[in-house]
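Peer 1: here are the coordinates; sequence isn't available:
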């Protein structure tokens, strides 16, 4: 069996054959380079995609909170996910001198985790114009006393006209509101309707 070396092969081939062989070899080389570059580009795209995903995750860890009212620096603040109300107040400079600290101590939970888009309002101290005494006593004072009210005051009640008002005055005193019915001054329907507005003391 004869072994043909590359030199003998080249001598036996014509110029056209050599040109075709060179073109084939060139094509093989170009194809190999293209395939290699494609693999590298795929890897680069994958790396960029992963980094972009990390950036998206980084943005979701931030929250925007609106702090208003009696704080030193009210406004909108950006905080990390998992922040607490205490962190928000620290970032806004803390409570101002006008803040209602009693309200904050009783109502705000400094350890509560805030949510994205949440609004926190710190009220200011206000003058308490509420009437003194127990609310029940104040409400009782506003009721119409069937033993002391004038006929004109009784006439303002539902179902009570001038005739019924005069009848209420004439049949005094009353020990209970039920006596308005037993003395046939009012019907049970009218009493039930006006009961919350009447008193006997």
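Peer 2: Yes, it's here. Since this is a predicted model, take the numbers as computed values, not measurements.

Peer 1: list the contacts for the most centrally placed residue in the chain?
Peer 2: When the chain is reduced to its mean C-alpha position, the nearest residue by C-alpha atoms, centre = their mean turns out to be residue 118, at 4.6 Å. With contacts taken as C-beta atoms under 8 Å, 6 or more residues apart in numbering, residue 118 has the following neighbours: 63, 65-66. Every C-beta, even on glycine, is put in place using the N, C-alpha and C of the backbone.

Peer 1: check residue 175 too.
Peer 2: By C-beta under 8 Å, 6+ apart, the residues touching residue 175 are residue 200.

Peer 1: list the buried ones in stretch 156-168?
Peer 2: 157, 160, 164-165, 167-168 (16 or more other C-beta atoms under 10 Å).

Peer 1: and the two most separated of these?
Peer 2: Using C-beta to C-beta, the buried residues of stretch 156-168 reach their maximum pairwise distance at 157 and 167, which is 12.6 Å.

Peer 1: quick revisit: and the residue nearest to the centre of the chain, how close does it get to residue 76?
Peer 2: Taking C-beta to C-beta, to the nearest Å as the measure, residue 118 and residue 76 are separated by 11 Å.

Peer 1: shared neighbours of the two, anything?
Peer 2: Listed contacts common to residue 118 and residue 76 are 65-66; contacts here mean C-beta under 8 Å, 6+ apart.

Peer 1: which outside residues touch the strand ranked longest in the chain?
Peer 2: The strand that spans the most residues within the chain, counting by DSSP state E, is strand 62-69. The list of residues contacting strand 62-69 from outside it, by C-beta under 8 Å, 6+ apart, reads 74-81, 83, 88-89, 91-92, 99, 114-124.

Peer 1: and the chain, what are its domains?
Peer 2: Structural domains assigned to the chain are 6-58, 62-122, 135-199, following automatic domain parsing.

Peer 1: the shortest one - what's its average pLDDT?
Peer 2: The average pLDDT for domain 6-58 rounds to 63.

Peer 1: then stretch 71-84?
Peer 2: Per-residue scores along stretch 71-84 average to 92.

Peer 1: buried sites along it?
Peer 2: So stretch 71-84, judged by 16+ other C-beta under 10 Å, has buried residues 71, 74, 77, 79, 83.

Peer 1: need those in JSON lines (columns: distance to residue 146 and secondary structure).
Peer 2: What follows is the buried residues of stretch 71-84, written out as JSON lines (distance: C-beta to C-beta, whole Å; DSSP: H, G, I helix; E, B strand; the rest coil):
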{"residue": "71", "distance to residue 146": "53", "secondary structure": "strand"}
{"residue": "74", "distance to residue 146": "54", "secondary structure": "coil"}
{"residue": "77", "distance to residue 146": "60", "secondary structure": "strand"}
{"residue": "79", "distance to residue 146": "62", "secondary structure": "strand"}
{"residue": "83", "distance to residue 146": "61", "secondary structure": "coil"}
